[in-house]
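**Q** Kindly generate the corresponding structure for this input.
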Amino acid sequence: IINVSRKPKTPSLTVHVLGMAAHDAEKAKNILCRLEHTTLRKVTASTAIYYDPDPQNTVIPEDQEFVNVYYEMPDFDMSRMSPWLLRIELDLKRMTDKKLTMEHISERVNQNFGDDLNCIYNDDNAEQLVLRLRIVNNDSGINKAMQDQDQVDKMDDDLFLRCIETNMLTDMTL
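**A** Prediction:
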């Protein structure tokens, strides 16, 4: 019997490993991690959007310590940062299974969004793995009248963050 459906219910792939990896479970696991398609959704435990107007003094107590460390010497204009925060909590077990690091995920965010998103994260050894994302506004030098007019045409930051969240979870390949 041959299954010729366009969308198989249980897709699978059999890979025959040669060389050292054939006899070493850890090397075989590394090959599996490189072959398997992983999106951000697969390693995410939860997401939330907060109104957090002061980037240095967050309204989320469990993030305060690593936020303080990050903003001790900021290398950008913090007045351009949106007051809205997308907080993504990652699943430690799935991150470990996929051999992913917080730095790797942050690099992927920066590759996809560049300077339009500010991404900070805590240490890989923390109890909770947290990514904090804020929109960076490019209109810091525009006068108030022009900003008010642009607000009519511009999507609110919280709605825009919701769109970014959906896009990142489904389309961002790690």
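
**Q** Across the sheet, point out what pairs with residue 121.
**A** With DSSP bridges as the criterion, residue 121 is bridged to residue 131.

**Q** check contacts around residue 137.
**A** Residue 137 sits next to 80, 81, 82 when contact means C-beta atoms under 8 Å, 6 or more residues apart in numbering. The way it works is simple: take the backbone N, C-alpha and C, and place the C-beta from them, glycine included.

**Q** Let me know the distance separating the second one from residue 135.
**A** The span separating residue 81 from residue 135 equals 7 Å under the rule C-beta to C-beta, to the nearest Å.

**Q** Can you give me the buried ones in the longest helix seen in the chain?
**A** Longest helix of the chain, by residue count under DSSP state H: helix 157-171. By neighbour count on 16 or more other C-beta atoms under 10 Å, the buried set for helix 157-171 is 157, 158, 161, 162, 164, 165, 168.

**Q** Which of the residues you listed sits closest to residue 4?
**A** Comparing these against residue 4 with C-beta to C-beta places residue 168 closest, at 34.8 Å.

**Q** and the residue nearest to the closest one when sequence neighbours are not counted, how many neighbours?
**A** Leaving out its chain neighbours, the residue that sits closest to residue 168 by C-beta to C-beta, 6 or more residues apart in numbering is residue 40, at 5.3 Å. Residue 40 sits with 23 neighbouring residues when counted by other C-beta atoms under 10 Å.

**Q** What does residue 40 show for phi and psi?
**A** Dihedral pair for residue 40: phi -60, psi -30, per degrees, to the nearest 10.

**Q** what's the answer for residue 135, then?
**A** phi -70, psi 140.

**Q** do residue 129 as well
**A** phi -90, psi 120.

**Q** contacting residues for the residue nearest to residue 168?
**A** 88, 105, 168, 169, 172, 174.

**Q** List the residues that contact the fourth one.
**A** Meaning residue 169. Shown in contact with residue 169 (C-beta under 8 Å, 6+ apart): 39, 40, 41, 44, 47.
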